[in-house]
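*Asks:* Return atomic coordinates for the entry below.
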Amino acid sequence: MRVIVGAIALMAVAAGCSASGRSSATRHAPDDSTAHLAHAAYTSAINSNNLDSLMGMMTDDVVFLAAHAPPMVGKAAVRPWAEGYLQAYTTSWDKESQEFVVAGEWAFERYSYKSTDTPRGGGAPVKDTGWGLVIYHHDADGKWRVARDAFGTDQALPTR
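*Replies:* Just a heads-up that it's a prediction; the model follows:
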């Protein structure tokens with residue numbers, strides 16, 4: 001119960017922080033069943049290894065908190081990080097939804113993941129496991145997009 005209350009509070013903060021840039025006058029009522037499809041669409045965009053597909057799944061004001069990286073706010077900040085990642089690796093992610101809650105035009109998902117990043121320049125694949133929390137937003141065009149993604153690895157911090 002504490003997790004659900006905390007996640008709902010997080011969604012409320014996220015909505016308050018970004019609502020000023022969103023017009024609700026032209027919104028279509030979101031369908032809960034389509035919100036659940038956002039998980040598969042986001043995972044598919046990651047696994048496409050296509051930068052434009054991945055960026056198309058994100059809101060313009062996305063907040064992206066990747067393991068071992070500084071916070072990135074907005075597509076313009078996420079794009080160079082994602083481009084570097086996709087240029088360095090062919091990636092394959094398996095994301096298992098642990099919890100999915102829809103509240104109006106917002107949805108949150110707690111997930112676990114397994115990933116395999118194969119260096120494009122050769123070398124051994126890098127395998128990882130971890131966890132994350134995604135907040136999706138139902139945009140005016142009727143699509144659910146990633147508004148917030150925070151994820152961490154189960155692996156130890158790399159040594160320098």
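*Asks:* beta partners for the residue nearest to residue 126 when sequence neighbours are not counted?
*Replies:* Once flanking residues are discounted, residue 126 sits nearest to residue 117: 4.5 Å by CB to CB, 6 or more residues apart in numbering. C-beta coordinates here come from the backbone N, C-alpha and C atoms, glycine included. Beta-bridge pairing of residue 117 under DSSP bridges involves residue 91, residue 126.
*Asks:* May I have the secondary structure class of the nearest residue to residue 99 once chain neighbours are set aside?
*Replies:* Distances taken as CB to CB, 6+ apart put residue 110 closest to residue 99, at 4.3 Å, once the chain neighbours are dropped. Three-state call for residue 110 (DSSP: H, G, I helix; E, B strand; the rest coil): strand.
*Asks:* From residue 90, how far off is residue 110?
*Replies:* 27 Å (CB to CB, to the nearest Å).
*Asks:* Kindly format the C-alpha coordinates of stretch 149-160 as PDB.
*Replies:* C-alpha atoms of stretch 149-160 as PDB (Å, rounded to 0.1, in the frame of the first residue of the first chain):
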ATOM      1  CA  ASP A 149      11.700   6.900 -16.800                       C
ATOM      2  CA  ALA A 150      14.000   6.100 -13.900                       C
ATOM      3  CA  PHE A 151      15.900   2.900 -13.800                       C
ATOM      4  CA  GLY A 152      18.800   1.300 -12.000                       C
ATOM      5  CA  THR A 153      21.000  -1.700 -12.300                       C
ATOM      6  CA  ASP A 154      21.400  -4.600  -9.900                       C
ATOM      7  CA  GLN A 155      25.100  -4.600 -10.800                       C
ATOM      8  CA  ALA A 156      27.700  -2.800  -8.700                       C
ATOM      9  CA  LEU A 157      28.900   0.600  -9.700                       C
ATOM     10  CA  PRO A 158      31.700   0.400 -12.200                       C
ATOM     11  CA  THR A 159      35.100   1.100 -10.800                       C
ATOM     12  CA  ARG A 160      37.100   3.900 -12.400                       C
END
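*Asks:* so residue 46 sits in a helix?
*Replies:* Yes - Residue 46 forms part of a helix when assessed by three-state DSSP.
*Asks:* Count the residues that sit near it.
*Replies:* 21 (other CB atoms under 10 Å).
*Asks:* Same check on residue 157?
*Replies:* 8.
*Asks:* hmm, back to that, contacts only, for the residue nearest to residue 126.
*Replies:* Taking CB atoms under 8 Å, 6 or more residues apart in numbering as the contact definition, residue 117 lies against 88, 89, 90, 91, 92, 125, 126, 128.
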